[in-house]
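Participant: got a structure for you, letters missing:
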Ligand code: AMP
């Protein structure tokens, strides 16, 4: 099993696809955001710093991020493949990632770029609703994915809410930052001939079929 990296804009469904890969192939999903959220709970100087940085929305210092990625990828369960998510976030991190992989004797594997049109993302962002009790995600702009009753969870009857950053203005900022920082990463991996681009203007099932095909090639 090759290692997998997803590159995708906000609201492209990267998290959902990562979970489907984990379910089918049993490889670990390494999310730097998740690891940092755990560290932020620690009662230490680093814990406090990470907690404050996460709350501000800024990036955590490189030396902390690099160390945690290297430590996590060095664990036994990554030997047979893993999905990395949230890293690299800019070109400097991509260069560092190449070094970390080399140190650990790993290949880059599949870099899967899920390309989604901005208009489609906007529709997903404004339609996303989440259950406050069981976290099920719906989309009221997608008839295959909308709840029976608009503000009520089909699964548990909980109330559905909209994330505070799921509005067009906040999305525009997140999208622009993504484009600016990610274009050089895409170019970097394209030049190494490891990048595969898939059309993400599709259903969750169809996107997963495309990813699955790449994994099995
Ligand atoms: P995420 O869950 O990927 O949206 O990440 C949540 C937060 O964790 C980000 O806003 C950053 O503060 C931090 N973070 C996650 N990944 C990285 C990274 N590769 N480099 C620096 N900070 C990161």
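Facilitator: Cool, the structure landed. Predicted, not measured: the structure shown is a model, and the values here were computed from it. Numbering: from 1, shown residues only.
Participant: So what are the sheet partners of the worst-scoring helix or strand of the chain on mean pLDDT and their directions?
Facilitator: When each helix and strand of the chain is scored by mean pLDDT, DSSP states H and E, strand 137-139 comes last, with a mean of 88. Each strand paired with strand 137-139, and its direction, by DSSP bridges: strand 128-131 (antiparallel).
Participant: quick one: contacts of the partner strand?
Facilitator: Identification of contacts with strand 128-131 by CB atoms under 8 Å, 6 or more residues apart in numbering yields 11, 136-140, 147, 150-151, 153, 155-156, 158-163, 166. Placement of C-beta: from N, CA and C, glycine included.
Participant: Touching, residue 16 and residue 203? I think so.
Facilitator: No. Residue 16 is not in contact with residue 203 according to CB atoms under 8 Å; the separation is 11.0 Å.
Participant: so where's the chain uncertain?
Facilitator: Regions of the chain meeting the criterion pLDDT under 70 are absent.
Participant: go with 80
Facilitator: Counting by pLDDT under 80, the chain contains low-confidence ranges at 57, 164-165.
Participant: check which helix or strand covers the residue in it that the ligand sits nearest to.
Facilitator: Here the residue of the chain nearest the ligand is residue 33; by CB to the nearest ligand atom that distance is 2.0 Å. Following DSSP states H and E, the helix or strand that holds residue 33 is helix 32-39.
Participant: What are the buried residues along that helix?
Facilitator: 32, 35, 36, 39 (16 or more other CB atoms under 10 Å).
Participant: The residue of the chain closest to the ligand touches residue 86, doesn't it?
Facilitator: Yes. Counting by CB under 8 Å, a contact exists between residue 33 and residue 86, whose distance comes to 4.7 Å.
Participant: What strand or helix carries the residue located most distally from the centre of the chain?
Facilitator: Counting by CA atoms, centre = their mean, the extreme residue of the chain relative to its mean C-alpha position is residue 149, 29.0 Å from that point. Residue 149 is part of no helix or strand, with elements assigned from DSSP H and E.
Participant: And for residue 18, the neighbour number?
Facilitator: 20 (other CB atoms under 10 Å).
Participant: doesn't residue 5 make contact with it?
Facilitator: No. Applying CB under 8 Å, one finds residue 18 not in contact with residue 5, separated by 10.4 Å.
Participant: Please enumerate the shared neighbours of those two.
Facilitator: Both residue 18 and residue 5 are contacted by residue 83, under the criterion CB under 8 Å, 6+ apart.
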